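Visitor: How does the following fold in three dimensions:
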Amino acid sequence: QDWHLQIGEGSLVEGVPSMQGQSYVGAVGALCLCSLANAFVIVSIFPYAGYMVLGLLPDTTPENVGGYAGILASSFMLGRCGTAYLWGEIADKKGRVFVLKCSLLLSMVFSILFGMSTSFSMAIVWRLCLGLSSAITSTTKTLASEIGHGDEEIEKQAMGLVVGMRSWGFLLGPAIGGLLSQPVQQYPKHFEGNEFLSNLFGSYPYLLPNIAVAVTCLVAASLASFSISETLEDNHQSKDPHRQLEDSTDNDDDEGDTEDNAAPSNEQTKLLSAPQKGLGANGRNEPEVPIWSRKPTRAHMIFNWIFSFVVTVIDDGFPLFTISSVGGLAYEEKDIGQVLSLAGLIFALGQYATYHAIIHRFGVYRSVTVGCALGLV
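Guide: Residues are numbered from 1 along each chain as shown. Take a look at the predicted model:
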């Protein structure tokens, strides 16, 4: 389709506005890589989390390691909860791309430090720092929704690709974690005669998968610097009440309005009708209403929390079940990585094959219902 072509400054192709001389394919590609790096940060630990705890806490066994591994995994999400709102504030002041690059670079540093942990408490601290520095998910989704500059079709395509890249992260992330953890033990022949690497990865058996994650974060940050234009200024202009009033007046004066200027759909109206800061009936600025007081926004947040809880329980709990020799599968890291990667492959293929079609056919809200029904099955 034409939307992926190189678009020059000031040009217009199939209703797609330019990005100051940059291509949409470059911007979306960079966002996809950022989403992939974020997935690596989150899921690459799953295959070896239990074994890492077993190495750091000698008194633990595969049967009682679950609680400690749960603490290690949840420390990342605890960190995200602590700084999610702060990163949002910074993104609204300094820019989305700025926050995205900072988060990627910090994730790179803390991933290396996490891989070099020599105690359980140290591992928790660095994993917590990874969570504190994580603003990739929200920022990539925000940029994906804003680079279309109001073009709904472009926003759907960009969002589908960026969110879908998470599924490829679930495919490749566990493989990285499982295949690269404890390399000296898994691939002893490759380290024969190389004392330096043998000592390095023997002392830090989980450093190599974290190096792979760190390199991905670095490449993603570099690509984001050159391929993604800042959308904050355009977003502020679109929210300026005076600018909105002028644009509304201009549209009223235009004759022969097309479907592009038609009223928003019912789904959009539900969100747009929420109280926001702007010009009131008397022409004065009205105070901004807290986000939690908006019923549609509150419903979306509660649903997302419930969904995230279920997904996290499954993602964290399944590897712990597989390593147990009593009632479990007694899998090693490599085996766990292969199983999770296969599940990620199915997820990825299903995501790209059905996401855009289902959204286009049923709309956003009904698509959520369809997804929940399939999840129950």
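Visitor: can we go C-alpha only for contacts and neighbour counts from here?
Guide: Fine.
Visitor: in the stretch 1-150 of the chain, which spans are strands?
Guide: Remark: strands assigned in the stretch 1-150 of the chain by DSSP state E, counting those that start in this stretch are 12-13, 16-17.
Visitor: pLDDT weak spots in the stretch 251-377 of the chain?
Guide: The model of the stretch 251-377 of the chain has pLDDT under 70 over residues 251-289, 326-328, 351-352, 377.
Visitor: Would you map the helices across it?
Guide: 266-272, 295-323, 333-376 (DSSP state H, counting those that start in this stretch).
Visitor: hmm, back to that, ok, of the strands of the stretch 1-150 of the chain, where does mean pLDDT dip lowest?
Guide: Here the lowest mean pLDDT among these goes to strand 12-13, at a mean of 36.
Visitor: The residue most central in space within the chain: what's it in contact with?
Guide: Geometric centre of the chain, nearest residue: Thr137, 3.0 Å, by CA atoms, centre = their mean. By CA atoms under 8 Å, 6 or more residues apart in numbering, the residues touching Thr137 are Ser35, Asn38.
Visitor: pLDDT score assigned to it?
Guide: For Thr137, pLDDT reads 87.
Visitor: To Glu192, which of the helices of the stretch 251-377 of the chain lies closest?
Guide: helix 333-376 (20.9 Å; CA to CA).
Visitor: who does that closest one touch, helix- and strand-wise?
Guide: Applying 3 or more CA pairs under 8 Å, 6 or more residues apart in numbering; DSSP states H and E, we find helix 333-376 packed against helix 152-180, helix 266-272.
Visitor: any idea which of those helices is most buried?
Guide: Using mean count of other CA atoms under 10 Å, the stretch among these with the largest mean neighbour count is helix 152-180, at a mean of 24.
Visitor: by contact count, what packs against that one?
Guide: If contacts are counted by 3+ CA pairs under 8 Å, 6+ apart, helix 152-180 sits against helix 24-43, helix 136-146, helix 207-227, helix 333-376.
Visitor: can you give me how far it is from the chain middle?
Guide: 8 Å (CA atoms, centre = their mean, to the nearest Å).
Visitor: The helices and strands packed on helix 152-180: which one's closest to Gly177?
Guide: Of the helices and strands packed on helix 152-180, nearest to Gly177 by CA to CA is helix 207-227, at 5.4 Å.
Visitor: what residues does the closest one touch?
Guide: Helix 207-227 is contacted from outside by 22-23, 26-27, 30-31, 33-34, 37-38, 40-41, 44, 97, 100-101, 104-105, 107-109, 111-112, 114-116, 176-177, 180-181, 183, 201, using CA under 8 Å, 6+ apart.
Visitor: Give me the buried entries from these.
Guide: Neighbour counting by 16 or more other CA atoms under 10 Å classes 22-23, 26-27, 30-31, 33-34, 37-38, 40-41, 44, 97, 100-101, 104-105, 107-109, 111-112, 114-116, 176-177, 180-181, 183, 201 among these as buried.
Visitor: Any stretches of the stretch 51-200 of the chain with poor pLDDT?
Guide: Low-confidence segments of the stretch 51-200 of the chain, defined by pLDDT under 70: 148-152.
Visitor: Helices of that one, residue ranges please.
Guide: 66-94, 96-115, 120-132, 136-146, 152-180, 183-186, 195-203.
Visitor: Look up how far Lys189 lies from Asn38.
Guide: Distance of Asn38 to Lys189, given as CA to CA, to the nearest Å: 32 Å.
Visitor: One more: Val163?
Guide: Distance from Val163 to Lys189, by CA to CA: 39 Å.
Visitor: And for Phe347, nearest residue in space, chain neighbours not counted?
Guide: Ser167 (5.8 Å; CA to CA, 6 or more residues apart in numbering).
Visitor: er, Met108 actually
Guide: In space, Met108 is closest to Ala214, 4.1 Å off (CA to CA, 6+ apart).
Visitor: Report the buried residues of stretch 200-220.
Guide: For stretch 200-220, a neighbour-count test (16+ other CA under 10 Å) marks 201-202, 204-220 as buried.
Visitor: hang on, the earlier thing: right, and the helices and strands packed on helix 152-180 - which one's nearest Leu171?
Guide: helix 333-376 (3.9 Å).
Visitor: quick one: that closest one to helix 152-180, angle?
Guide: Helix 333-376 and helix 152-180 are oriented at 150 degrees to each other (axes from the mean of the first three to the mean of the last three CA atoms, to 10 degrees).
Visitor: Okay, angle between helix 333-376 and helix 24-43 too, please.
Guide: If you take the same axes, to 10 degrees, helix 333-376 sits at 110 degrees to helix 24-43.
Visitor: what's the offset of helix 333-376 from the middle of its chain?
Guide: For helix 333-376, the distance to the chain centre is 15 Å (CA atoms, centre = their mean).
Visitor: One more: stretch 294-301?
Guide: Distance of stretch 294-301 from its chain centroid, counting by CA atoms, centre = their mean, is 21 Å.
Visitor: Please report phi then psi for Ala135.
Guide: In terms of degrees, to the nearest 10, the main-chain angles of Ala135 are phi -130, psi 20.
Visitor: That one touches Leu86, doesn't it?
Guide: No: using CA atoms under 8 Å, Ala135 makes no contact with Leu86, being 9.6 Å away.
Visitor: In terms of neighbours, single out the busier of the two.
Guide: Ala135 (27 against 13; other CA atoms under 10 Å).
Visitor: tell me the contacts of that one?
Guide: Going by CA under 8 Å, 6+ apart, Ala135 touches Arg80, Ala84, Trp87, Val99, Leu100, Ser103.
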